[in-house]
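A.B. asks: Fold the following and give me the result.
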Amino acid sequence: MTQPVLKLAQSLLPPRRRGTAPLARRCSCSCSCSSSKPIENRGRGANHSPHAKRFWQHALFLASLLVALIVPQAKAQVSREYQLKAVFLYNFAQFTQWPTNAFAGPSAPIVIGVLGPNPFGPSLEDTVRGETVDGRPLVVEFYRRAEEIKTCHILFIGQSEIRHMDEILKSIKGKPVLTVADVDNSLTARAIIRFVMENNKIHFRINQDAARAANLVLSSRLLRVADVAPPRKAP
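C.D. replies: As a prediction, this is how the structure comes out:
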């Protein structure tokens, strides 16, 4: 991306006029001559005139400015999706009922786990910071592998981990874990909730059979806004 940006930066600079005489320098000897000689081109990189220096300083400044503008916009487009999904995860916690044995005590936290690379940045932790559900604080944990999952109540399964869906579900089988898949496809058929992108909007589908198998009760308010669809057949 650097070369196109640099070319664009150069195009914004005023062109050098044709026929401009080379910069002159005065004799630096101790004699009293007042003649001046054109600066000779002594090979690549020999022109160190103030004009050339200003030219490249201006070009590099514009290039860095354009890069600073382009890169954050691309990052912002990615983060907006996951900022919304972070809010969804928080709302799922509010509209899900876990069995009492899912917690170590009455004030034990609701753990939201993220399996795989973190696509949320700080958004998820910022969303749940200081929030409680039924008197329980919410905390976020990150896992590289399913084997690292200990206590978890909502498990977000990132796109890179979808191919391991069978192993993930086996590792939490019989546990009251609300599984949330980042995408909806045949591999995520047995996840309780699956995110769907349609017309640049985020929707979600619910597999009620999977919720019942995990001994979870989903609020009717959540079901009303969801696409409650039968699970896809696994390949």
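A.B. asks: Could you identify the longest strand within this structure?
C.D. replies: For the chain, the longest strand by residue count, based on DSSP state E, is strand 136-143.
A.B. asks: Quick check: C152 vs R129, distance?
C.D. replies: 18 Å (CB to CB, to the nearest Å). From N, CA and C alone the C-beta is placed, and that goes for glycine too.
A.B. asks: about what we covered before: quickly run through the sheet partners of the longest strand of the chain, with directions.
C.D. replies: Sheet pairing for strand 136-143, assigned by DSSP bridges, gives strand 110-115 (parallel), strand 132-133 (antiparallel).
A.B. asks: Would you mind listing the buried residues in that strand?
C.D. replies: By neighbour count on 16 or more other CB atoms under 10 Å, the buried set for strand 136-143 is 136, 138-143.
A.B. asks: sorry, back to before: out of the strands paired with strand 136-143, which gets nearest to Q97?
C.D. replies: Q97 lies closest to strand 132-133 among the strands paired with strand 136-143, at 10.3 Å (CB to CB).
A.B. asks: contact partners of the closest one?
C.D. replies: Residues from elsewhere that reach strand 132-133, judged by CB atoms under 8 Å, 6 or more residues apart in numbering: 93-94, 110, 138.
A.B. asks: With stretch 99-110 instead?
C.D. replies: With CB under 8 Å, 6+ apart, stretch 99-110 has contacts from 93, 98, 133, 135-139, 151, 153-154, 176, 215.
A.B. asks: which one among those gets closest to R205?
C.D. replies: R205 lies nearest to I154 out of the contacts of stretch 99-110, by CB to CB, at 16.1 Å.
A.B. asks: one step back: what's the mean pLDDT across the longest strand of the chain?
C.D. replies: The predicted model assigns strand 136-143 a mean pLDDT of 98.
A.B. asks: for stretch 182-199, same thing?
C.D. replies: The average pLDDT within stretch 182-199 is 90.
A.B. asks: Quick one: end-to-end distance for it.
C.D. replies: Start-to-end span of stretch 182-199 (CA to CA, to the nearest Å) is 16 Å.
A.B. asks: who touches that stretch?
C.D. replies: Everything outside stretch 182-199 that qualifies as a contact, by CB under 8 Å, 6+ apart, is 81, 85, 88, 92, 119, 156-159, 162-163, 165, 169, 178-181, 202-207, 210-211, 214, 216, 226-227, 231-235.
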